[in-house]
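Undergrad: after the sequence you'll find the predicted model.
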Amino acid sequence: MWDQFTNDTCLPNEDFPCTATGYPAYVVNATTPKHVKLGIDFARKHHIRLVVKNTGHDFIGRSIAPGALSLWTHHLNDIEYHEGSFKLDGCDTIIPGNAVTVGAGAQMYDIYSATDKFNETIVGGGGKSVGIGGYITGGGHSILSPRYGLAADQVLQMELVTPTGKTLTVNENQHFDLFWAMRGGGGSTFGVITAVTLKTHPSPKLLSSSWMLLTDPDAPFLYDAIAYTLSQFPSLGDAGLSGYSVSISSMPNPIPSPGGHTEIAGIGGRFILQDTEDVQHMEDLLAPLNETIQARWAGSVQVILDTVFYGSFLEWFNVYYDQGTAGNSSYLVSRLLDKSALESNATSLAAAVKEAMRTSGNFMAYIVSGRGVHDAVPRGGSDAANPGWRKSYVHSITAQGFPAFNETARSETISDLNGAFELIRELAPDTGAYINELKSKMGAKSEANVVAQDVSGEGPVISEKYADITLRIVEEHGKDFGPLTPEKEKKLRFKLYLHIDKSTLGYAAILGLFEETGISKAQYNNLGTFFYVGYLAAQWPGHYAMQKLPFGKFVAGLVFMWGATVLLHCAATTYAGLVILRLLLGASESVVVPAMEMTIGMFFNRHEQSFLQPFLWVTSAAAPICAAFISYGLLWSESSVLPWKLFMIVTGGISVLLSVVVWFYYPNNPAEAKFLTLEEKVHTIQRVHESSQSSIEQKQFKKEQFIETLRDPVSWLFCLQAFTLMLSNNLTYGQQNLITVALGVTSLGSTLVAAAGGGFGVLVCLAGTFALRWWPKNLALHGLVWCIPAIAGGIGMVTISWDAKLGMLACLLLAGHTYGNTYIIALGWATSSAAGYTKKLTRNVLFMVGYSVANLISPQIWVPSDAPRYYGAWVAQIVISWVGTPVILFVIQIILKRRNAERKAWEAGLTEEERASHQLGEVEQLDEGGVLVRRKVDIALLDLTDLENPFFVYPI
């Protein structure tokens, strides 16, 4: 807007030299949001200074910087009118009333013209070329604000690109921290707006009065008269007037007359009164002001008033738009003035105005606040506009120009303005200034309280709502206890092992207890598919509920639902009834495994998570032992009740009883774990954060994390390996008993074989635990190791003579009970290699989708005509499941290694100070007094994803 911000390197005057040194080196002409993202990503990747320019209508030079990369959003100027209502993105909220969505580069006149076609208008700026993007981010005052509020108060939704390159739609229901901050918190800070949706208002018919109170520049009462006029602005504003005024200490007389003054001084401006054609009403409102002026300074003040009617806001704007020009050098200083500042002390006000005009000769006072601003309720309850607006009536400004290439004049202007508003600030010490029109680069005396919140800091900033749920306990007690000594850590680990292992017993009621009975071969041979249909369908709803509900209670609900469904099997008398029950059973089991994974991640560090995965899976591996012996006993029963129904009663009843224990015992997160002391809670949280650089629990679904998961190839590779590996799952949970009987083992004997298989599975889990404990690295290799016995067993099943019963059984158990360790290792790796709670859950969903689809297909590879050797099924399992899966795991390892190397190289280039700065972020939260403040916290508490957090190290 003003030349000094380019250091006078290329002035409009052709007589002056012109170079590009004061301007950005390159400009991205953004015509789509994608261009904005590409520009931001490029600047971030190459550490280039980035500036954002809309129309360049900026009084404090934020849209210009020498040698920078500039994002020019001028051509993002689409305009779309919404008649009747507007539906927010990402939710079902429909906001009644008319609205308009405009690109960030849309200019005021274009928006006014577009909305006028519908007899509507917006709360907008006074200049035709003012762009909506920067205007909104400063709050945006308007001649319509005293009625409707600030422009920021009209915002329903925004589309933007963040500094991390994420393209987001923000509103009251999603990304509220950004939605709040972008409405008045300052431009070029939290993100780059690409579009904004505003509520519109009926275009008013209005009266416009141009007025002047003129006198001699040397009149001793000059500043008293100006001060009295200003003191009437609050009451005039409350009566419905709004508008602009300027006070001048001396200027040529615009209405010269014989014998009159050649120079005049005073105050003048333009007021509007909406929704009326009654000129007399306007004059009646201004009559007391005129009468008092004439009574106090009779014959010394000339009052001029001219009132005109306009049929619409656009009709008025076409005449009275701001016609100020650019291309000169100037600074300004401003202050918001409340009712007390204007009315309480006339003498102080007159002295303050005189001082403000001492060197500049001007003082502007705009009635652009009032009841509409004071009573405004922005979407979501609040926005980041300076709270001083909520009690002010007047936005006051003094501006002073200086010649180009004159550093002395420039320094003098800064010095003059530094002192000019000191008395004005004393009148309103706690209101602050309008962020888009404030003092810039003005020396030691800063414009106090520009905004009420501290906006300093280099790290990521989020609201507490989106931070880790353990934030408060870390803030309040994180420094209350000393460091975690080796002795304390050993004791804490033992306690965690003891209690978390007990908690997982609840899962044993679900994880295979029913599936291992062998009943499926007689009663449910055709129902396995329906189980996994329910399993698959419930993945996303189940994970969403797991995030939103109290974690421990959610797990208890799953166990209860599973047990109740098993009990209901006893009452099923038709095939249709069994189909429904199998669907419900699959749905209730669908997120049990991910829930156990999330539990392990909440309480244990990275290394412990890796070797505890198979250990805690012992409860599942041991379930066939229990099921087998229960089945063995029931098969000897001579009761009139069928044995399989008795089995349902026993297993379902156990599950229901366990759900009660889980309800009262299972912790939601470490901060709420009843078995831990306060010190142990803090240490548990801190060691998990330090190890994982990720959040423990977060209750807000984050759309951007969901999208990032879908775009991350690692997520799909984990999904693919879950599919390939679980293609063999029907061997263990469907075909093993059938093959055992086919080998000549009796039904009773098959239950003992199943028990032996369960015992072998337990040993395999323990072996996997110790292997990961002693050799914690190279998870892909560990996954391969447990596929090798399965390969050997599968080869034996197609090569050994069918009559070698013992050898065949040994190969069957080897093939069916070893690859499960690979599954657990991969599942734990999928979770631990992701950060951000929503991303973890979404990756789990993808993993379990691969698992479910594989289980839907798995029974189909066992073609009945291939019995009893099933050569095709065994070859498919060997090639796809037990060879293909490790290959995928090694591909994942290569990708994660590369990411770690890139991060290590970046981190090596940081100084200690830079490293410390990057490891901190800020959280916005309400303090004890209800004031919104920012507090620095460890970046791990911000619930960033692994791709957002540069310090996240992938486990490999």
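TA: Now that the structure is in, tell me what you want to look at.
Undergrad: quick one: classify Val28 as helix, strand or coil.
TA: Following DSSP: H, G, I helix; E, B strand; the rest coil, we place Val28 in the strand state.
Undergrad: burial count for it?
TA: Val28: 21 surrounding residues under other Cβ atoms under 10 Å. Bear in mind the C-beta positions are built from the backbone N, C-alpha and C, glycine included.
Undergrad: likewise for Tyr434?
TA: The burial count assigned to Tyr434 is 30, neighbours taken as other Cβ under 10 Å.
Undergrad: repeat for Ile861
TA: 20.
Undergrad: so how far is Ile788 from it?
TA: 21 Å (Cβ to Cβ, to the nearest Å).
Undergrad: what do you get for Ala916?
TA: From Ala916 to Ile788 the distance is 46 Å (Cβ to Cβ).
Undergrad: neighbour count winner among these two?
TA: Neighbour count, other Cβ under 10 Å: between Ala916 and Ile788, Ile788 has more, with 15 against 10.
Undergrad: report the contact partners of that one.
TA: Listed by Cβ atoms under 8 Å, 6 or more residues apart in numbering, the contact partners of Ile788 are Trp882.
Undergrad: let's see that with 6 Å instead.
TA: Contacts for Ile788 (Cβ atoms under 6 Å, 6 or more residues apart in numbering) come out as none.
Undergrad: pLDDT wise, what is it at?
TA: In this model, Ile788 is scored at 96, pLDDT.
Undergrad: name the nearest residue to Gly39, sequence neighbours excluded.
TA: Once flanking residues are discounted, Gly39 sits nearest to Val28: 4.0 Å by Cβ to Cβ, 6 or more residues apart in numbering.
Undergrad: run through the bridge partners of that neighbour.
TA: Leu71 (DSSP bridges).
Undergrad: show me what contacts it?
TA: Contacts of Val28 (Cβ under 6 Å, 6+ apart): His35, Gly39, Leu71.
Undergrad: in which helix or strand does the second one reside?
TA: Gly39 belongs to helix 33-46 when elements are defined using DSSP states H and E.
Undergrad: Trp389 and Gly372 touch, don't they?
TA: No - with contacts counted by Cβ atoms under 6 Å, Trp389 stays clear of Gly372, the gap being 10.6 Å.
Undergrad: who's more crowded, the two?
TA: More crowded of Trp389 and Gly372, by other Cβ under 10 Å: Trp389, with 27 against 19.
Undergrad: which residue ranges of the stretch 351-500 of the chain form strands?
TA: Listed in chain order, the strands of the stretch 351-500 of the chain (DSSP state E, counting those that start in this stretch) span 362-367, 392-401, 461-463.
Undergrad: can you convert those strands into a markdown table and add a column each for mean pLDDT and mean neighbour count?
TA: Output for these, formatted as a markdown table (pLDDT from 0 to 100; neighbours: other Cβ atoms under 10 Å):
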| stretch | mean pLDDT | mean neighbour count |
| --- | --- | --- |
| strand 362-367 | 97 | 23 |
| strand 392-401 | 95 | 24 |
| strand 461-463 | 47 | 20 |
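Undergrad: can you redo those as JSON lines with distance to Gly124?
TA: Below are the strands of the stretch 351-500 of the chain laid out as JSON lines (distance: least, Cβ to Cβ, whole Å):
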{"stretch": "strand 362-367", "distance to Gly124": "14"}
{"stretch": "strand 392-401", "distance to Gly124": "16"}
{"stretch": "strand 461-463", "distance to Gly124": "28"}
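Undergrad: pLDDT weak spots in this protein?
TA: For the chain, applying pLDDT under 70 flags the ranges 1, 439-529, 573, 575, 606-647, 688-699, 747-748, 751, 921-941.
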